[in-house]
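In: my questions concern the predicted model and sequence given below.
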Amino acid sequence: MMAVGLQKAKSIKLSVGILVTSRFTLSALANFVDVLRLAGDEGDRSERRNCDWRILSDTMNPVRSSCGFNIQPDERLGDPSRFDYIAVVGGLIDGFSEVSATCQNFLRGAAKRAVPLIGICTGSFVLYGLGLLEGYRCCVSWFHHNDFIENCGGPVPVSDRMFVVDRDRLTCPGGNSSAHLAAWIVQRHVGETQARKSLRMLNIPDLAGPEETQPGHPLKIETKVHVLRKAMLFMYQNIDAALKIEQVAHYVGLSKRQLERKFIGELGITPSKMFRQIRLDHAEHLLMTTRKSLTDIAMEAGFADDSHFIRLFRLDRKVTPSTYRRAVAPSH
């Protein structure tokens, strides 16, 4: 473990070696590291008193992120046992297949030396592809749920939780969950005060454990037809926008008529009705998991107003949103 050279300074309580894949997600890396940075000293001077982190590489060449920024590694791979954890930060789906043989051997060596491994974003894809998640639960984004099954061919991943800690394997879907996972680790090794301080300085309200749900949620209606799944995810990503079906069709490379035929042929529903169903499902999720007003839920789910939302919800669910909320989430 290192803070200076190959020696770990006495004040360092937590050290993490980090591998980033080609076209990694910058926010996933930044959120994770910033929690370590803010927990690393007594103020906000980025002094590595409690925590240390190093970007590792076999070549020392800059690595390009998915948004186009390059990051320069700190040092070569070396002995993984000098770190408390080794993390892999992924990004675009095809990036996980580009990990070099040297980096793969480094990760296998870390596992043999019982160094806990962390998969961030599609970093879990890398770990699973190397056989390092066999027998472990794995957390991925709901957005990448089907991609994990298709690309890795493994067990169904956890895609409704903030992160998963299963013995010496820790996985999270990226985004703010990277910060929460880092805070969980900081709390364990450095202290709860430092973990809470880090999150507060990042304007993240409080610590979240593995049992917390991801902000998004998987689509209830599933399909193995790639173009339809792509269209449905595009709808969900733009749930609060006045998105026209022509725009959805253009996004997936089809005409409006072709998209309608595919939806009706495969799922027995038009794209417009599917979009409405996605909005209703999202509104139902918000009713169950938040205390937001019906007006706010209507806006977030893409309805014209709360009256429009109430009418369609009652028509589809046979109950008003308020009655539904009282029945399933009485504490709200």
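Out: That came through, no problem. Numbers count the residues shown, from 1 in each chain.
In: tell me where the stretch 1-150 of the chain has strands.
Out: Taking DSSP state E, counting those that start in this stretch to define them, one finds strands in the stretch 1-150 of the chain at 14-20, 51-57, 63-64, 70-71, 75-76, 85-89, 117-120.
In: turn these into a markdown table, including mean neighbour count.
Out: Every C-beta, even on glycine, is put in place using the N, C-alpha and C of the backbone. Written out in a markdown table, the entries for the strands of the stretch 1-150 of the chain read as follows (neighbours: other CB atoms under 10 Å):
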| stretch | mean neighbour count |
| --- | --- |
| strand 14-20 | 24 |
| strand 51-57 | 22 |
| strand 63-64 | 18 |
| strand 70-71 | 14 |
| strand 75-76 | 14 |
| strand 85-89 | 26 |
| strand 117-120 | 28 |
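In: to Asn238, which of those strands lies closest?
Out: strand 117-120 (25.9 Å; CB to CB).
In: in the chain, where is pLDDT below threshold?
Out: Low-confidence segments of the chain, defined by pLDDT under 70, span residues 1-10, 43-44, 94-97, 146, 211, 213-218, 329-332.
In: about what we covered before: any chance of the strands of the stretch 1-150 of the chain in JSON lines, plus distance to Arg137?
Out: As requested, the strands of the stretch 1-150 of the chain are exported to JSON lines (distance: least, CB to CB, whole Å):
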{"stretch": "strand 14-20", "distance to Arg137": "21"}
{"stretch": "strand 51-57", "distance to Arg137": "25"}
{"stretch": "strand 63-64", "distance to Arg137": "28"}
{"stretch": "strand 70-71", "distance to Arg137": "29"}
{"stretch": "strand 75-76", "distance to Arg137": "32"}
{"stretch": "strand 85-89", "distance to Arg137": "17"}
{"stretch": "strand 117-120", "distance to Arg137": "11"}
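In: Pro321 is nearest to which of the ones you listed?
Out: With respect to Pro321, and counting by CB to CB, the nearest of these is strand 117-120 at 36.0 Å.
In: so what strands line up beside that closest one?
Out: Paired neighbours of strand 117-120 in the sheet (DSSP bridges): strand 85-89 (parallel), strand 169-172 (parallel).
In: so what's the most centrally placed residue in the chain closest to, chain neighbours aside?
Out: Nearest to the geometric centre of the chain sits Pro173, at 2.1 Å (CA atoms, centre = their mean). The shortest distance from Pro173 to any non-neighbouring residue, by CB to CB, 6 or more residues apart in numbering, is to Ser141 (3.5 Å).
In: that neighbour contacts Pro157, doesn't it?
Out: No: proximity of Ser141 to Pro157 does not meet the contact threshold set by CB atoms under 8 Å, at 9.3 Å.
In: okay, those two: which has more neighbours?
Out: Here Ser141 and Pro157 are set side by side on neighbour count (other CB atoms under 10 Å), and the busier one is Pro157, at 26 against 21.
In: do a quick rundown of the helices in this structure.
Out: With DSSP state H applied, the chain shows helices at 26-38, 101-112, 123-129, 145-152, 176-189, 192-201, 226-237, 245-252, 256-267, 271-289, 294-300, 306-317, 321-328, listed in chain order.
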